[in-house]
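> What follows is a predicted protein model with its sequence.
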Amino acid sequence: MKRIILITGGQRSGKSTYAEQLALSRSAHPVYMATAHVWDEEFAHRVQRHQERRGPEWTNIEEERQLSHHDVSGRVVLIDCLTLWATNYFTPVADGNTPPDLDALLQEMKAEFDRFTAQDATYIFVTNEIGLGGTSVNAIQRRFTDLLGWLNQYVAARADEVILMVSGIPVTIKNNNS
């Protein structure tokens, strides 16, 4: 039965660890879909720490944009994370002099999310609440914060469960038990 779970919170709030534990509690062999593009050495170390936490029971998929190209029917799949996934859409257009068309990007991401989650699977999405820390003085950062906030709202509206991580503690903010 299809189920969408969204785990959100701030940086280092325990989102990924909690999501991994949740996936393993629902499947002996879950799928880990990593959306990260490795930008630099520091980020490569972050990715490595995540990889070292997971054992051989995981099916690992690396996919920066086209989540729906992978058949996850009947599986429990952890997507870590929507923030990096949105970055992969935003960055190519934000590198130019023309500001990205946020409406077009959001529509493209919503369509890809809908294609992906049309499969009968259990989805555990991880995302960040980057807008909780105040308004950035940087215009590009403000635009990305807006984009991710709208994407998070879209996913949360479709989710059966939404969990906010606060200092390593999961707080359920939405639970539509079926």
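Received it, and whenever you're ready, just let me know what you need.

> in this structure, what spans have low per-residue confidence?
Scanning the chain for pLDDT under 70 picks out the ranges 92-99, 178.

> now with 90?
Per-residue confidence of the chain (counting by pLDDT under 90) places the weak regions at 1, 10-13, 36-56, 62, 91-101, 130-141, 177-178.

> The chain: helices as residue ranges?
15-26, 41-53, 82-94, 102-116, 139-158 (DSSP state H).

> Can you check which of those helices gets nearest to residue 35?
Proximity of those to residue 35 was assessed by C-beta to C-beta; the nearest stretch is helix 82-94, lying at 4.0 Å. The way it works is simple: take the backbone N, C-alpha and C, and place the C-beta from them, glycine included.

> Just the residues contacting the closest one, thanks.
For helix 82-94, the surrounding residues in contact (C-beta atoms under 8 Å, 6 or more residues apart in numbering) are 35-37, 64-65, 67, 79, 100-101, 105, 108-109, 125-128, 130, 140, 143-144, 147-148, 151-152, 155.

> hang on, residue 77 packs against residue 33?
Yes - in this structure, residue 77 sits in contact with residue 33. The criterion is C-beta atoms under 8 Å, and the distance is 5.8 Å.

> distance of residue 71 from residue 24?
Taking C-beta to C-beta, to the nearest Å as the measure, residue 71 falls 21 Å from residue 24.

> right, I mislabeled it, should have said residue 76
For residue 76, the distance to residue 24 (C-beta to C-beta) stands at 9 Å.

> about what we covered before: out of the contacts of helix 82-94, which end up buried?
Among the contacts of helix 82-94, the ones that count as buried by 16 or more other C-beta atoms under 10 Å are 35-36, 67, 79, 100, 105, 109, 125-128, 130, 143-144, 147-148, 151-152, 155.
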